[in-house]
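Colleague: build me a model from this:
(2 chains)
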There are 2 protein chains.
Amino acid sequence: MTDAALIAVPGIPDVRPGMSLPDLLVRALDAASLRPAAGDVLVVAQKVVSKAEGCVVDLAEVTPTEEARRLAPEAGKDPRLVEVILRESTRIVRVHAGVLITEHRLGFICANAGVDHSNVGLGPDAVCLLPRDPDASARAIRAAVRAAFGAAIGVIINDSHGRPHREGAVGVCIGAAGLEPLHSLVGRPDRYGYTMRTSIEAVADELAAAATLLQGQCDEGMPAVLIRGIPIAEGEGEARRLLRDPALDLFR
Amino acid sequence: MTDAALIAVPGIPDVRPGMSLPDLLVRALDAASLRPAAGDVLVVAQKVVSKAEGCVVDLAEVTPTEEARRLAPEAGKDPRLVEVILRESTRIVRVHAGVLITEHRLGFICANAGVDHSNVGLGPDAVCLLPRDPDASARAIRAAVRAAFGAAIGVIINDSHGRPHREGAVGVCIGAAGLEPLHSLVGRPDRYGYTMRTSIEAVADELAAAATLLQGQCDEGMPAVLIRGIPIAEGEGEARRLLRDPALDLFR
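Modeller: Below is the predicted model of the structure:
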């Protein structure tokens, strides 16, 4: 029987700036007797990574620029929040009717450059940014798990992004270590011997989406999910490999 | 411990036109002692649904129109294949350098209107179309499982689609029955009491992506995956609810 398991790691405390998330995760895995093994993938929600790394801004300390003040009414947002979003972005993709979509400095095209009020819990004006370098965050978690358990696992930092054409947000990979984010079937035979010509599967995004199903975003939130039993190729990670070159993006 | 399982259903034979896929699935579940229970979700690959329903075209019997002949060189495809793609589409989104992206009659924006050579196995010129009504296909599978096991499950028909902005294809829901494809958190409190304002999660797409991780597309293909342990709201299904109204699509 080919099967896989998604296990929400219990016992992760409320994460505050300055805590070592790799240590917290190792302790929680150990306390739950979840010994990671080679081939497992640990998916960790961006929010707790950002909080541990102190990627939090108090809007009370932000002075909006002229541009942020000008965009705020159309974006339907506090000008100070717009200011923080603009600082995180390389360009504005769209601003309309309460929605502000930008290209984040890491290359992701998403609402509000990933800046978010929810599940921060550090005061009424605290907002969370994406981690400075989510691949590095993933590598640190991977190294801590290897040091504690001797196992080479894959690590994914995930966030929920809206997308063109389809309703609703889905979990996507914004940081990765120890696995190949893309799995190419090009040149391999299908079950009848036909040679596949175009299939490349974004396995890191599919793992990120699967974990999101258990993470939740409300009071029952579980920020880390261990995925076992999915055959994944070891690799360098690098979530930017999941970004399509705009010049080659025919889906836009 | 909060955990979920993804179980690839073993023993599904090579599916041929005219077979009853609901019956094949019930027999395979029974033979594997996988008794579906309320709340389980069965994800079935589009390809076997289409084949069972006879949604297969032999290109030897297709005469391309003038438009198909004109588009074929830029699309890098057999004019007869382009003809089949155009018949399945309501508009051409992009044709360039070997890629043809259209809006399928069901509303999906995807490469080749979902028409595919791989994993068909009905002759060198046989291509597979999407099912005529994937929601109806999902309802038929749901009804057969309920009749055989007495359990009200969710059913998803999935396919792999490329997408704007990000590399690689991911599994998405193209047909659904018995579940709510979207899960709204709007108005609910986060874990610190902050009221969520915008979060809608496309759970059906996340389930479709999770199943794709086990289905494979090559010789080891497993077309049906049973997902257990994910809390999903019962509902009508209707995959078209996952399509974003183009007028409101700020991500494009």
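
Colleague: quick check: phi and psi on A:V82?
Modeller: Backbone geometry at A:V82, expressed as degrees, to the nearest 10, gives phi -60, psi -40.

Colleague: which residues does it contact?
Modeller: Contacts for A:V82 (CB atoms under 8 Å, 6 or more residues apart in numbering or on different chains) come out as A:64, A:68-69, A:71-72, A:75, A:100. All C-beta atoms are positioned from the backbone trio N, CA, C, and that covers glycine.

Colleague: of those, keep whichever come out buried.
Modeller: In those, burial by neighbour count holds for A:64, A:68, A:71-72, A:75, A:100, counting by 16 or more other CB atoms under 10 Å in any protein chain shown.

Colleague: you'd agree A:V43 is in a helix?
Modeller: No. Under DSSP: H, G, I helix; E, B strand; the rest coil, A:V43 falls outside any helix and is assigned strand.

Colleague: can you give me the pLDDT of the closest residue in space to it that isn't next to it in sequence?
Modeller: Closest residue to A:V43 apart from its sequence neighbours, by CB to CB, 6 or more residues apart in numbering or on different chains: A:A211 at 3.6 Å. A:A211 carries a pLDDT value of 97.

Colleague: returning to that earlier point: may I see the buried ones among the contacts of A:V82 arranged in a markdown table, with distance to A:D116, pLDDT and secondary structure as well?
Modeller: Shown next, in a markdown table, are the buried ones among the contacts of A:V82 (distance: CB to CB, whole Å; pLDDT from 0 to 100; DSSP: H, G, I helix; E, B strand; the rest coil):
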| residue | distance to A:D116 | pLDDT | secondary structure |
| --- | --- | --- | --- |
| A:P64 | 18 | 98 | coil |
| A:A68 | 17 | 97 | helix |
| A:L71 | 18 | 96 | helix |
| A:A72 | 17 | 96 | helix |
| A:A75 | 15 | 94 | helix |
| A:L100 | 12 | 93 | strand |
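
Colleague: nearest to chain B, of the residues you listed?
Modeller: Lowest distance from chain B to those (CB to the nearest CB) belongs to A:L100, with 9.0 Å.

Colleague: residue contacts, that closest one?
Modeller: Counted by CB under 8 Å, 6+ apart, A:L100 has contacts A:71, A:75, A:77, A:82, A:85, A:92, A:94, A:111-112.

Colleague: give me the sheet partners of the helix-or-strand element of chain A with minimal mean pLDDT and which way each runs.
Modeller: Across the helices and strands of chain A, mean pLDDT, DSSP states H and E gives its lowest value to strand A:183-184, namely a mean of 89. Strand pairing for strand A:183-184, using DSSP bridges, gives strand A:200-201 (antiparallel).

Colleague: returning to that earlier point: starting at the chain centroid, how far to the least confident helix or strand of chain A?
Modeller: 20 Å (CA atoms, centre = their mean, to the nearest Å).

Colleague: in the stretch 151-252 of chain A, which ranges drop under the pLDDT threshold?
Modeller: Along the stretch 151-252 of chain A, segments meeting pLDDT under 70 span A:196-198, A:217-221, A:251-252.

Colleague: residue ranges for the helices of the stretch 51-200 of chain A, please.
Modeller: For the stretch 51-200 of chain A, applying DSSP state H, counting those that start in this stretch gives helices covering A:66-75, A:79-87, A:134-149.

Colleague: winner for burial among those helices?
Modeller: Of all the helices of the stretch 51-200 of chain A, helix A:79-87 carries the top mean neighbour count, a mean of 22, counting by mean count of other CB atoms under 10 Å in any protein chain shown.

Colleague: now the angle from that one to helix A:66-75?
Modeller: Here helix A:79-87 runs at an angle of 110 degrees relative to helix A:66-75 (axes from the mean of the first three to the mean of the last three CA atoms, to 10 degrees).

Colleague: could you pull out the buried residues of stretch A:203-222?
Modeller: Those would be A:203-217, A:221-222, for stretch A:203-222 by 16+ other CB under 10 Å.

Colleague: follow-up on the earlier one: closest one of the contacts of A:L100 to B:A148?
Modeller: B:A148 has its nearest neighbour among the contacts of A:L100 in A:A111, at 43.5 Å by CB to CB.

Colleague: pretty sure the closest one sits against A:I101.
Modeller: Yes. Contact status for A:A111 versus A:I101: in contact at 5.6 Å, counting by CB atoms under 8 Å.

Colleague: for chain B, what's its nearest residue on the stretch 51-200 of chain A.
Modeller: Of all residues in the stretch 51-200 of chain A, the one sitting closest to chain B is A:G168 (2.9 Å; CB to the nearest CB).

Colleague: contact partners for the residue nearest to that residue when sequence neighbours are not counted?
Modeller: Spatial nearest neighbour of A:G168, excluding adjacent residues (CB to CB, 6+ apart): B:A202 at 2.9 Å. Neighbouring residues of B:A202 by CB under 8 Å, 6+ apart: A:166-170, B:173, B:181-182, B:242.
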